[in-house]
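Peer 1: Output the structure for:
(one chain, ligands or ions: 1)
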Amino acid sequence: MKLFTVRLNFHGDLDFFLGSKARGRIVERNLSEKTSVKDVIESCGVPHPEVDMILVNGQAVGFAHGVADDAEVEVFPAGNKRMYQTEKRLQTTEVSKFVADGHLGRLTRNLRLLGFDVAYDQRADDGQLLDVMARQNRALLTRDRRLLMHAIVRHGYSPRSQNAEEQTIEVIRRFNLFELIAPFTRCLRCNVPLEDAAKADVIEKLEPLTKIHYEQFSRCTGCGRIYWSGSHFEKLKKRIRMIQAAVAGRSRK
Ligand SMILES: [Zn+2]
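Peer 2: Residues are numbered from 1 along each chain as shown. Okay, the predicted model is just below:
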């Protein structure tokens, strides 16, 4: 039996996933049989949807590439565009529909506020999340790295932060969503697009002061909830401006 050593160097913020035993960004694995580079990387705690490029001894390879000898492996995260050209990238940024796990309710709300389609059911189990992801071609958002390592996950992301605003910025950057932001176009409660509604059509559902002070309304085509630019609207606009400014600021660097 031949023993060999694979030395992995994790770039960018992939060190987020490494255990405390890792020395900085370097992990060494001693192996005795040919192993796919994907399995070697995931054995270090890094889920494959987080990996956008792999170099084995300087050569770009795919996830299925087998390692059978001593090797130096460089692993790059998504969104690190300056470092290399596009032909060997393993992830796409062409996904703008998501499914979020039950712990990401506030992130879901923020993304819907910005107009993004996010399937969310607080009670969904792992199987249901993977099913919605695969059937509807959504990217999986979860901080459960084991779930993200599931073989059928093609697109996914684990928010690094525990803060919903920071998570929102992370997702917009990871999937390159900045140009697609369309605030107040989707129901925060049921994820369905809003339609413009004439005041006359919604007036009987409005509170007296709302009837007096507001002229423009939209309505959820799913649950029928009426949206207008009331006092909550200013608060939400402020949150959107903050998110937009943070995304623009960071992507200019
Ligand atoms: Zn609704």
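Peer 1: Get me the contact residues on the stretch 101-250 of the chain for the ion.
Peer 2: Proximity of the stretch 101-250 of the chain to the ion is confined to C187, R189, C190, C220, G222, C223, R225 under the rule C-beta under 5 Å from the ion. Backbone N, C-alpha and C define where each C-beta goes, glycine included.
Peer 1: Could you pull out the strands in the chain for me?
Peer 2: Shown for the chain, the strands assigned by DSSP state E span residues 4-10, 26-31, 35-36, 51-56, 59-61, 66-67, 71-77, 97-100, 117-120, 139-141, 156-157, 194-197, 217-220, 226-228.
Peer 1: So which of those is the most surrounded?
Peer 2: strand 139-141 (a mean of 27; mean count of other C-beta atoms under 10 Å).
Peer 1: who's in contact with that one?
Peer 2: Where contact means C-beta atoms under 8 Å, 6 or more residues apart in numbering, the residues beyond strand 139-141 that reach it are 49, 95, 97-101, 104, 107, 118, 129-130, 133, 147-148, 153, 155-159, 171, 175.
Peer 1: Okay, now the sheet partners of it, with direction.
Peer 2: Strands that pair with strand 139-141, judged by DSSP bridges, come out as strand 97-100 (parallel), strand 156-157 (parallel).
Peer 1: average pLDDT for the longest one?
Peer 2: For strand 97-100, the per-residue pLDDT values average out at 98.
Peer 1: try the shortest one
Peer 2: Model confidence over strand 156-157 averages 96 on the pLDDT scale.
Peer 1: Could you check how far that strand is from the centre of its chain?
Peer 2: 5 Å (C-alpha atoms, centre = their mean, to the nearest Å).
Peer 1: Name the residues that touch that strand?
Peer 2: Identification of contacts with strand 156-157 by C-beta under 8 Å, 6+ apart yields 47, 49-50, 133, 139-142, 148, 170-171, 174-175.
Peer 1: Show the average pLDDT along the lengthiest helix in the chain.
Peer 2: For the chain, the longest helix by residue count, based on DSSP state H, is helix 231-252. The average pLDDT within helix 231-252 is 75.
Peer 1: With pLDDT as extra columns, can I get the contacts of strand 156-157 in JSON lines?
Peer 2: Formatted as JSON lines, the contacts of strand 156-157 follow (pLDDT from 0 to 100):
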{"residue": "P47", "pLDDT": "98"}
{"residue": "P49", "pLDDT": "97"}
{"residue": "E50", "pLDDT": "96"}
{"residue": "M133", "pLDDT": "97"}
{"residue": "A139", "pLDDT": "97"}
{"residue": "L140", "pLDDT": "98"}
{"residue": "L141", "pLDDT": "98"}
{"residue": "T142", "pLDDT": "98"}
{"residue": "L148", "pLDDT": "97"}
{"residue": "E170", "pLDDT": "93"}
{"residue": "V171", "pLDDT": "94"}
{"residue": "R174", "pLDDT": "91"}
{"residue": "F175", "pLDDT": "91"}
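Peer 1: W228 versus the nearest residue to L141 once chain neighbours are set aside, what's the distance?
Peer 2: Nearest residue to L141, sequence neighbours excluded (C-beta to C-beta, 6 or more residues apart in numbering): A100, at 4.3 Å. According to C-beta to C-beta, to the nearest Å, A100 and W228 sit 27 Å apart.
Peer 1: again with M1
Peer 2: For M1, the distance to W228 (C-beta to C-beta) stands at 71 Å.
Peer 1: Residue ranges in the chain under the pLDDT threshold?
Peer 2: Scanning the chain with the threshold set as pLDDT under 70 gives 21-23, 80-87, 93, 231, 250-253.
Peer 1: Please work out which residue of the stretch 1-150 of the chain is closest to the ion.
Peer 2: In the stretch 1-150 of the chain, the residue that lies nearest the ion is R112 (9.9 Å; C-beta to the ion).
Peer 1: Just to check, that residue is in contact with R186?
Peer 2: Yes - in terms of C-beta atoms under 8 Å, R112 counts as a neighbour of R186; the distance is 4.9 Å.
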